[in-house]
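S.K.: Quick one, what's the 3D model for this:
(one chain, ligands or ions: 1)
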Amino acid sequence: MKLTIVAATGGIGRQALEQAVAAGHDVTAVVRDPSKLSRGARAVAVDLAVADPAALEHELGDALAWLVSVANVTGVDLERAAARYADGCPRCHHTPCTCPPA
Ligand SMILES: [Zn+2]
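M.R.: Numbers count the residues shown, from 1 in each chain. Sure thing, here's the model as predicted:
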């Protein structure tokens, strides 16, 4: 499966990236600094603080379309799945996550 993981060097992103690569998925990691990636994934360097808003909207739209498609095909209720993040990151409880990189 082709996956795009935004902020793939952050706390949750790093874990998602490691699991996706280990499972054999074709992963594109959207990160500020590709040198921080520890696993074999294609990287797209994007500084989200200065990103082109239209380009970022386009890329995130693609990622969202993939996510919704996978949820529909597998019968996953995305609203219920996202509920565990209602209080922010499960570890630091901030939104966005402020956990230090592992
Ligand atoms: Zn966190």
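
S.K.: Please count neighbours and contacts with C-alpha atoms only from this point.
M.R.: Will do.

S.K.: What ranges does the chain have for its strands?
M.R.: 2-6, 26-31, 42-45 (DSSP state E).

S.K.: Out of those strands, which is closest to the ion?
M.R.: Closest of those to the ion is strand 2-6, at 14.6 Å (criterion: C-alpha to the ion).

S.K.: quick one: buried residues of that closest one?
M.R.: Using 16 or more other C-alpha atoms under 10 Å as the burial criterion, the residues of strand 2-6 that qualify are 3-6.

S.K.: which bits of this protein sit near the ion?
M.R.: 89, 91-92, 97-99 (C-alpha under 5 Å from the ion).

S.K.: Would you reformat those as a markdown table and include pLDDT and neighbour count?
M.R.: Listed next are the residues of the chain next to the ion as a markdown table, based on pLDDT from 0 to 100; neighbours: other C-alpha atoms under 10 Å:
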| residue | pLDDT | neighbour count |
| --- | --- | --- |
| 89 | 89 | 17 |
| 91 | 88 | 11 |
| 92 | 91 | 14 |
| 97 | 85 | 16 |
| 98 | 89 | 15 |
| 99 | 87 | 14 |
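
S.K.: follow-up on the earlier one: now tabulate the buried residues of strand 2-6 in CSV and tack on pLDDT and distance to residue 67.
M.R.: Listed next are the buried residues of strand 2-6 as CSV, based on pLDDT from 0 to 100; distance: C-alpha to C-alpha, whole Å:
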residue, pLDDT, distance to residue 67
3, 80, 9
4, 81, 9
5, 82, 11
6, 79, 12
